[in-house]
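A.B. asks: Provide a 3D model corresponding to the input given below.
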Amino acid sequence: MKLYLHYEEQPEFTLILRIEKNVVNDGRTKCLSENATVLQLKHLFVEEYKRSKGRELKNVDVVNSEKKVYSLDSLVIKEFKDKENVFFVNAAPTKEEKKPQPQPQSERKKEKTSNNIIGLEKLYEQDLIQAVELKSKGNYKAASIIFQKIQAIDPKNFVVLIQLGDIFLNAKKIDRALEYLVPLTQSQPQLIEAFILLGHAYFEKGDFRNAVESYSKALVLAKDKKDKSLINQLKVFIAKSLYESGEKSPAIQILQQILKEDEDCIPALYRYSIALIDQGYKIDAMRTLLKVLVANGNDKQVKETVSLILQEKGSLELLEKEIFNIDPKNIDTETKNTVAPALAFLATFVKDFGGVNESKYLFQRALEIRPESSSYCLNLVHVMEISLEYDEAIKLIHSFCRSNLSSSVASQISCQDVAQIIEKYSVSFQNQSASPSGVILSSPISELNNNNNNTEIQKSEKPKDLPENELDLFALFFTLVKVLYVRGDLAPLQPLISLLDPIRKGRDLHFTTIRNEHAYFCCISQLMNSHTDKNSIPKNPDVKLRPIYVAGDSHSISPAWHVISVKDEPRLLIPILVTGLKIWHLRPKSRFFPKINFLQAISSIPLNSDVIFLFGEIDCREGFPLCVQRCKYDTLEEGMNITINIYMDVLTKIIHERKFAAFIHPVVPVLNETRHIVKLFNRLLRSKVERVKEIKGVDFFDKLLTPDQGALKSCYYLDGTLLKQKNLEVLEESFKSLKKIVKKN
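C.D. replies: Predicted coordinates:
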């Protein structure tokens, strides 16, 4: 829907405005959501006028071409038609400016009521604007507080009710959403948006009969608007509800009728593809889904459906032969330019829904078609990390470099340089029969790469931004450093760091698409400086020390390959890295690939091992604050208790199956911004661990903090993300106080 907004007095101004379900500003036209009110429209116009003309419109009414004044509480899509002209005019003079003429008593009564409404609107106008802005930014918690405050002033304000219903619907708090939406549809029987949201709420609740009824009422109202797109969307909602209720035949008939009239109706095509899958028409379903995916590539539900069907036996072969029609003996330019990107796109999100093996296969095929693509190679290596295929990843990077010797970063770091370092120093590469789950101990060296012809970058010059393909190649080299470090193949690291670091410096890589790879590289570069002290990995790689495994997110790499003393026995700390895992990912319904990574990591640890678990920092940094903000939880503590219960349930099961001696490491309090959250989480975690007999806590959290508990002690500060290895002293000390000691030989 598009509107043309005008102010016709001097200086004149016109603004084009789009009304859309998903608000995306394209820089050419401004945009509001379908739930926007006339008040929001007015606020946006006034702001844009001030920005354009440098003047402020202090008191304007919103009117149509016939000078009808619109209520600020009204929804824009209810009041205006597509491509309608909307005018902003100076408001009528006040009573002090213009003395009113005597009016009949009935007219005076109407004026008094109108003035009361206007006064009420003015009372909470700014609050309403603030609440809507907060909601648009995803801060549902703060927005709901303001909306509820307005509701106390104006209980029947339908804009507030619909916004609150939408907030709690998105938060999956369906009963609370119904508390607002049911009375709203009763008081506003012509408000189509209320019936649509009510239908969504009933559908999420599993009450499909009431969902159909609500959508049907909305459909009647939509037919009056003669909005074909909206009418079809509502028919799809009805069909979806019928299908889920078991009435599949009438649901399919509705979808077929829609597609008969509009074969490109994407919502209908998606729902029809579900029916095709259920009826066993896999090829037709895949073709339909890919068409939907092209049109709506950001839809999470569509991606999940495509991912699940590709994980079925035989689907990848069908994809290649029947849909992409790939001839491996004839890879032409069109295949390189179209099929390879399509395979890589599928591989990217198939992984997100648990299809790790399928993602690996698709990236391999894409790389075969485009063997020069550093992006495809990088993503394939990341998939291999999920399955702990570290040796295979190192060999893949070497093979890629050997096949693309002249490819380089900033014309200074070539694939040939990196390949030579791998060949000269990597034990993983040289030991062709090494077990992927076995430990390789190679001591770090200080020898530099003498074949490097880098020219030193002047500190006064800011390096040029790297093109996308060079960023991906840089990320591939950074990831090689990460994989080697986690593998324990430390010998090549110093030559690689010496090669990469000068070219890295001065570039704002933390603002690019390779910020994560860059972050790991920076951390490992600093950690390598510690591998010269007495607690580092033994100089003789043949010396075998009993391990303690440290399973965790990125914080597991800080203690890696160091030795601590437990009961007077030196023990080697071996990292079991699970990149990006939140504890929340371990819940039963999750398919997200970090959970697959976690399960693979646990299975790589030998039975009867001693294992330290170090997870929860990402939950504290990202999960809990966002979930409270989105009204998923009322408090941080509620979210933490639910998450800790998941953690304990998963670990208890693993301990019984794998016969581990399990120890819980506290979440580290490195970040100033989340330290208060970490402190609360660790307190609740400690309390829970004390009640689980199979698990012991290595509780040294308080020792990491200053006496006032407000900051991290400076001696433990590394880079603002990880802890310095000095924390191993308190880890070692904490084992001495445990009643249950790790297993003896």
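
A.B. asks: quick one: contacts for Tyr7?
C.D. replies: Counting by CB atoms under 8 Å, 6 or more residues apart in numbering, Tyr7 makes contact with 13-14, 45, 49, 57, 60, 87-89. Any C-beta I mention is one placed from the backbone N, CA and C, and that applies to glycine too.

A.B. asks: do Ser590 as well
C.D. replies: Under the criterion of CB under 8 Å, 6+ apart, the neighbours of Ser590 are Trp584.

A.B. asks: quick one on the thing from earlier: would you reformat the contacts of Tyr7 as CSV and include distance to Lys424 and neighbour count?
C.D. replies: Converted to CSV, those look like this (distance: CB to CB, whole Å; neighbours: other CB atoms under 10 Å):
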residue, distance to Lys424, neighbour count
Phe13, 68, 19
Thr14, 68, 11
Phe45, 67, 22
Tyr49, 67, 20
Leu57, 71, 19
Val60, 74, 17
Phe87, 75, 17
Phe88, 72, 22
Val89, 78, 16
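
A.B. asks: What is the helix or strand Ile421 falls within packed up against?
C.D. replies: For Ile421, the enclosing helix or strand under DSSP states H and E is helix 415-425. Under the contact definition 3 or more CB pairs under 8 Å, 6 or more residues apart in numbering; DSSP states H and E, helix 415-425 sits against helix 390-403, helix 468-487, helix 493-504.

A.B. asks: Repeat the analysis, applying 10 Å as the threshold.
C.D. replies: In terms of contacts (3 or more CB pairs under 10 Å, 6 or more residues apart in numbering; DSSP states H and E), helix 415-425 is packed against helix 390-403, strand 408-409, helix 427-430, helix 468-487, helix 493-504.

A.B. asks: Please work out which of those is packed deepest.
C.D. replies: Here the criterion is mean neighbour count by mean count of other CB atoms under 10 Å, and of the helices and strands packed on helix 415-425 the winner is helix 468-487, at a mean of 24.

A.B. asks: now the angle from that helix to helix 390-403?
C.D. replies: With axes from the mean of the first three to the mean of the last three CA atoms, to 10 degrees as the criterion, the two stretches helix 468-487 and helix 390-403 enclose an angle of 140 degrees.

A.B. asks: from the middle of its chain, how far away would helix 468-487 be?
C.D. replies: Between the centre of helix 468-487 and the centre of its chain there are 22 Å (CA atoms, centre = their mean, to the nearest Å).

A.B. asks: now the angle from that helix to helix 493-504?
C.D. replies: 150 degrees.

A.B. asks: Let's see helix 468-487 as PDB, backbone CA atoms only.
C.D. replies: Output in PDB follows, covering the C-alpha atoms of helix 468-487 (Å, rounded to 0.1, in the frame of the first residue of the first chain):
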ATOM      1  CA  GLU A 468      34.500  -9.900  -0.600                       C
ATOM      2  CA  ASN A 469      36.500 -12.700  -2.100                       C
ATOM      3  CA  GLU A 470      39.700 -11.600  -0.300                       C
ATOM      4  CA  LEU A 471      37.800 -11.300   3.000                       C
ATOM      5  CA  ASP A 472      36.600 -14.900   2.600                       C
ATOM      6  CA  LEU A 473      40.200 -16.000   1.900                       C
ATOM      7  CA  PHE A 474      41.500 -14.100   4.900                       C
ATOM      8  CA  ALA A 475      38.800 -15.800   7.000                       C
ATOM      9  CA  LEU A 476      39.800 -19.200   5.600                       C
ATOM     10  CA  PHE A 477      43.400 -18.600   6.800                       C
ATOM     11  CA  PHE A 478      42.100 -17.400  10.200                       C
ATOM     12  CA  THR A 479      40.000 -20.500  10.500                       C
ATOM     13  CA  LEU A 480      43.100 -22.600   9.700                       C
ATOM     14  CA  VAL A 481      44.700 -21.100  12.800                       C
ATOM     15  CA  LYS A 482      41.600 -21.900  14.900                       C
ATOM     16  CA  VAL A 483      41.400 -25.600  13.700                       C
ATOM     17  CA  LEU A 484      45.200 -26.200  14.200                       C
ATOM     18  CA  TYR A 485      45.000 -24.800  17.800                       C
ATOM     19  CA  VAL A 486      41.900 -26.800  18.800                       C
ATOM     20  CA  ARG A 487      43.500 -29.900  17.200                       C
END
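
A.B. asks: before we move on, the earlier item: ok, which of the helices and strands packed on helix 415-425 comes nearest Leu346?
C.D. replies: helix 468-487 (18.5 Å; CB to CB).

A.B. asks: Let's verify Glu263: helix, strand, or coil?
C.D. replies: Following DSSP: H, G, I helix; E, B strand; the rest coil, the label given to Glu263 is coil.

A.B. asks: That one against Gln257, yeah?
C.D. replies: No: distance between Glu263 and Gln257: 11.8 Å, which falls outside the contact criterion (CB atoms under 10 Å).

A.B. asks: of the two, who's got more company?
C.D. replies: Higher neighbour count among Glu263 and Gln257: Gln257, with 13 against 10, using other CB atoms under 10 Å.

A.B. asks: Need the helices and strands packed on helix 415-425 in CSV (columns: distance to His6 and mean pLDDT).
C.D. replies: Listed next are the helices and strands packed on helix 415-425 as CSV, based on distance: least, CB to CB, whole Å; pLDDT from 0 to 100:
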stretch, distance to His6, mean pLDDT
helix 390-403, 59, 96
strand 408-409, 53, 96
helix 427-430, 69, 81
helix 468-487, 43, 97
helix 493-504, 53, 94
